[in-house]
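Peer 1: here's my sequence, what's the structure:
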Amino acid sequence: MRLSILAVGGKMPAWVEAGVEEYGKRLPRELSLTWRDIPLARRGRDADPDRLRGAEGEQLLKAIPAGDRVIALDVQGRRVSTEALATHLRDWQMSGDNYSFLIGGPDGLSPACLARADWRWSLSDLTLPHPLVRIVLAEQLYRAWTITVNHPYHRA
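Peer 2: Model prediction:
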């Protein structure tokens, strides 16, 4: 199964790249984690957030591999525990489908991206900076996998 993370944003700091790479390396081959950055829409002084969100959303939607199920990271999405995420991950693996996770830009995800999503997931009620979201997502996917294989990484 392939997990694709499609994220709006520019070049990430080295600590972010190192963090997501580390968790990606820890995952087994049969659960590959791929990253694709979508450039931010050009922002000006009088930029319209709805237009920017829409432009970024179009690029995200084009980047979703054909046939993928889509999970949108959205503050209004469903909150789940790590254990519940592990159950979802196990179900996703059993389905045989590939999944794409969408991370929006500074203005969030477009309505079209949210409509395309099979599931909307909120990592937290807190507002997290985009670089940190990448690491939290990678770590939680790794942690969920460790639960599915009874690895001692997760301590309940």
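
Peer 1: can you say which helix or strand has Leu33 in it?
Peer 2: In the assignment (DSSP states H and E), Leu33 maps to strand 32-38.

Peer 1: can you list the strands that that strand pairs with?
Peer 2: Here strand 32-38 is paired, per DSSP bridges, with strand 2-8 (parallel).

Peer 1: can you name the residues in contact with the strand it pairs with?
Peer 2: Applying CB atoms under 8 Å, 6 or more residues apart in numbering, the contact partners of strand 2-8 are 31-40, 56, 59-60, 63-65, 68, 98-105, 130, 133-134, 137-138, 141. All C-beta spots, glycine's among them, are computed from the backbone N, C-alpha and C.

Peer 1: show me which positions of the helix ranked longest in the chain end up buried.
Peer 2: Scanning the chain for the helix with the most residues, using DSSP state H, yields helix 130-148. For helix 130-148, the neighbour count (16 or more other CB atoms under 10 Å) marks 130-131, 133-135, 137-147 as buried.

Peer 1: could you work out the most separated pair of those residues?
Peer 2: Greatest spatial distance in the buried residues of helix 130-148: His130 and Ile147, 26.2 Å, computed using CB to CB.

Peer 1: in the protein, which strand has the most residues?
Peer 2: For the chain, the longest strand by residue count, based on DSSP state E, is strand 69-78.

Peer 1: and the next element down the chain from that one?
Peer 2: Next in line after strand 69-78, if elements are assigned by DSSP H and E, sits helix 82-95.

Peer 1: check which residues of that following helix are buried.
Peer 2: The neighbour-count check on helix 82-95 (16+ other CB under 10 Å) flags Leu85, Ala86, Leu89, Trp92 as buried.

Peer 1: Asp125: which of those residues is nearest?
Peer 2: Closest to Asp125, out of all of these and judged by CB to CB, is Leu85, at 16.3 Å.
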